[in-house]
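>>> need a structure here:
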Amino acid sequence: MSMLELAKGLARRFEGVRLVRYLCPAGYPTIGYGHRCAPDQPPIDETEAEILLENDMLASYHQGVKHCRQLIDADNGKQAAIADFVFNLGSGRWRSSTFRRRVQDGDWDAAAAECRRWVHGGGRKLPGLVLRREAEVALMLLKK
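Now for the predicted structure:
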């Protein structure tokens, strides 16, 4: 399966789809599969949500690569896991993380351990983030 399909699958599973604008837990206007939008964003349909998701995942992948060129040579699972992480937490957190440095070093076991640390929101451990990080780790460590 392609990097893009794997990454979109993660986002679908953990974001869910909402066709009407809502505020995400961080307080941002959001629509579709976690796409940030304008405060006056009108409702969208499923097709538009899928287009936004594809564009967001491609942008997240490219942000991941921008700050870690070694990702270009990684397999699709590793690339998808990083794209989903960047989509979920943002390129700034990725750029400054020890997680990124472990990926840059090619130490995927250590990278998995670092990924598992990103499970807190609002000062507490969130079960949904624990599950999401484990899904990303499973893709990162999948042996071909």
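>>> Pull out the buried residues from the longest strand seen in the chain.
What stands out as the longest strand in the chain, according to DSSP state E, is strand 18-23. Neighbour-count burial for strand 18-23, counted by 16 or more other C-beta atoms under 10 Å, picks out 18, 21. For every residue, glycine as well, the C-beta is placed using N, CA and C.
>>> quick one: contacts of that strand?
29-32, 37, 39, 41-46, 49 (C-beta atoms under 8 Å, 6 or more residues apart in numbering).
>>> That one pairs with which strands, parallel or anti?
strand 29-32 (antiparallel) (DSSP bridges).
>>> Tell me the helix or strand right after the lowest-mean-pLDDT helix or strand in the chain.
In the chain, no helix or strand scores lower on mean pLDDT, DSSP states H and E than strand 120-121, which sits at a mean of 88. Using DSSP states H and E, the helix or strand that follows strand 120-121 in sequence is strand 124-125.
>>> after that following strand, next one along is what?
With elements assigned by DSSP H and E, the helix or strand that comes after strand 124-125 is helix 127-141.
>>> Could you give the separation of that following helix from the chain centroid?
Mean C-alpha position of helix 127-141 versus that of the full chain (C-alpha atoms, centre = their mean, to the nearest Å) differs by 10 Å.
>>> Quick one: residues contacting the residue nearest the centre of the chain.
Nearest to the geometric centre of the chain sits residue 84, at 1.9 Å (C-alpha atoms, centre = their mean). By C-beta under 8 Å, 6+ apart, the contact set of residue 84 is 7, 10, 11, 14, 57, 60, 132, 136.
>>> Take the residues you listed and lay them out in CSV including neighbour count.
Converted to CSV, these look like this (neighbours: other C-beta atoms under 10 Å):
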residue, neighbour count
7, 30
10, 21
11, 25
14, 19
57, 25
60, 24
132, 22
136, 27
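>>> Of those, just say which sits nearest to residue 97.
Residue 97 has its nearest neighbour among the contacts of residue 84 in residue 136, at 13.1 Å by C-beta to C-beta.
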